[in-house]
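Visitor: 3D, please:
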Amino acid sequence: MNFKWFQNKLTFVMIPEANESVIRVKLSRGTLWGTTAAVVLLVVTASWIYLHHLHTAASMYMQKAALHGKTIALEQDLQNKNAAIEQLHNDIFALSKQAAEIHHKMEEMKRLEQDLQKLAADAAGNGGAVVTSAEPGADSSAAYHGLGGPEWPVSTAEIRKLASATGAAYSALQTEMDKLHTRFSHSKQLLQAKLEYQRRTPDIWPTLSRIVTSPYGYRKDPFTKKLSFHRGIDIAGQLGDPVYAAAEGIVDSVGYDKLHGHNIIVEHTQGLRTWYMHLNSADVRKGVAVDKGQTIGKLGTTGRSTGPHLHYEVLMGDKSADPLPYLPSS
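Guide: Here you go, the predicted structure:
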């Protein structure tokens with residue numbers, strides 16, 4: 001009975017305009033329902049496919065948007081890191097320049113220290129070694145030490161902070177070194193001036209002997225036995241003993257006369273001169289520079305003399321001064 005229901009036909013009448021024929025379409029119930037079911041299935045399938053496509057497209061769009069956001073974030077992070085690296089490079093370059101400047105100043109200070117040590121040794125009157133502090137790492141037994149501990153990564157901000165702190169420390173050290181260099185230079189100038197004054201001060205004995213046979217001042221003349229003023233000191237010695245320049249200077253005159261015999265005058269500084277008389281011979285010429293302690297002649301008994309000795313005078317301008325206060329105690 002049901003099968004026959006599907007076989008029953010339905011007639012669809014389409015009435016066109018008045019002058020055209022009526023169109024009749026007969027379809028079985030089964031055909032109509034099958035066609036309707038097929039159309040509905042086709043619509044449902046197309047709708048599912050379309051919705052699935054929309055879902056896939058939306059998912060891909062969201063993934064693409066998320067990936068684009070991540071790409072932008074990574075590019076920004078990369079730019080920040082590149083900027084940090086560039087800044088670190090600049091900081092390191094600045095530190096390297098500061099290190100080079102400090103190294104240069106350290107070398108200058110080392111040379112200045114050597115000069116001061118040499119000047120100090122000269123001022124002390126000996127060539128003894130100057131004691132310096134031990135160099136770091138001099139103890140070979142402490143050359144190797146164990147190291148360890150966990151490794152903690154250092155952030156870019158910490159590196160920049162470290163570089164900034166190091167630069168500030170370098171700047172402070174450089175400022176202190178500039179001050180120290182200025183003080184060293186000033187001390188060197190003072191020491192050089194003092195040494196120059198010391199070199200030109202007649203403060204050493206001009207002979208090997210320390211025996212003064214006639215002091216500075218009033219005395220009885222050895223020839224006339226009358227009271228006279230002795231403008232220098234007489235130092236006893238052996239004929240031919242060396243006679244030394246009592247200070248650095250320039251030979252002002254070399255001469256001979258019956259009163260002074262062979263004699264030499266050395267000019268030192270600010271009108272200060274020393275006069276060496278009764279020499280057996282003079283070993284220098286006028287105008288030459290002489291060092292303190294340099295042999296300038298031989299002890300003798302020429303001129304108005306009773307025997308081998310050196311008559312030694314210290315002159316300040318045209319006035320004589322007692323040489324003994326200049327000389328170290330015998």
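Visitor: Just give me the residue closest to the centre of the chain.
Guide: The residue lying closest to the centre of the chain (CA atoms, centre = their mean) is I102, at 1.7 Å.
Visitor: name the element that one belongs to?
Guide: Following DSSP states H and E, one finds I102 within helix 29-124.
Visitor: Could you name the helices and strands sitting against that helix?
Guide: Under the contact definition 3 or more CB pairs under 8 Å, 6 or more residues apart in numbering; DSSP states H and E, helix 29-124 sits against helix 2-7, strand 9-14, helix 156-199. In this view, the C-beta of every residue, glycine as well, is placed from N, C-alpha and C.
Visitor: Please compute how far the longest strand seen in the chain lies from its chain's middle.
Guide: The longest strand of the chain (DSSP state E) is strand 272-282. Relative to the chain's own centre, strand 272-282 is displaced by 52 Å; criterion: CA atoms, centre = their mean, to the nearest Å.
Visitor: Next: stretch 95-106.
Guide: For stretch 95-106, the distance to the chain centre is 4 Å (CA atoms, centre = their mean).
Visitor: Now do that stretch: everything it contacts.
Guide: A163, T166, G167, Y170, S171, L173, Q174, M177, D178, H181 (CB atoms under 8 Å, 6 or more residues apart in numbering).
Visitor: do you know how far the residue nearest to S320 when sequence neighbours are not counted is from G217?
Guide: Nearest in space to S320, with sequence neighbours left out and distances taken as CB to CB, 6 or more residues apart in numbering, is R231 at 4.1 Å. From R231 across to G217, the span is 9 Å (CB to CB, to the nearest Å).
Visitor: For these two, indicate the residue with more neighbours.
Guide: R231 (17 against 10; other CB atoms under 10 Å).
Visitor: The more buried one and Y216 touch, don't they?
Guide: Yes. With contacts counted by CB atoms under 8 Å, R231 reaches Y216, the gap being 7.3 Å.
Visitor: Could you list the domains of the chain?
Guide: 2-80, 212-326 (automatic domain parsing).
Visitor: Comparing those domains by mean pLDDT, which bottoms out?
Guide: Ranked by mean pLDDT, the domains of the chain bottom out at domain 2-80, which scores a mean of 81.
Visitor: re the thing from before, just name the most buried of the helices and strands packed on helix 29-124.
Guide: Comparing the helices and strands packed on helix 29-124 by mean neighbour count (mean count of other CB atoms under 10 Å), helix 156-199 ranks first with a mean of 13.
Visitor: chain center to that one: distance?
Guide: Per CA atoms, centre = their mean, the centroid offset for helix 156-199 relative to its chain is 8 Å.
Visitor: hmm, back to that, may I ask which two of the contacts of stretch 95-106 are separated the most?
Guide: Within these, two members stand farthest from each other by CB to CB: A163 and H181, at 25.9 Å.
Visitor: now could you export just the CA positions of stretch 268-280 as CSV?
Guide: In CSV, the C-alpha atoms belonging to stretch 268-280 read as follows (Å, rounded to 0.1, in the frame of the first residue of the first chain):
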residue,chain,number,x,y,z
HIS,A,268,129.1,78.6,40.1
THR,A,269,125.9,80.7,40.4
GLN,A,270,124.6,84.1,41.4
GLY,A,271,128.1,85.5,41.7
LEU,A,272,129.4,82.6,43.8
ARG,A,273,133.0,81.7,42.8
THR,A,274,135.8,79.5,44.2
TRP,A,275,139.5,80.3,43.9
TYR,A,276,142.3,77.7,43.9
MET,A,277,145.9,79.0,44.4
HIS,A,278,149.5,77.8,44.5
LEU,A,279,148.8,74.9,42.1
ASN,A,280,151.6,72.8,40.7
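Visitor: Quick check on the closest residue to Q238 other than its chain neighbours: phi, psi?
Guide: Nearest residue to Q238 in three dimensions, chain neighbours excluded: P308, at 6.4 Å (CB to CB, 6+ apart). Dihedral pair for P308: phi -60, psi 120, per degrees, to the nearest 10.
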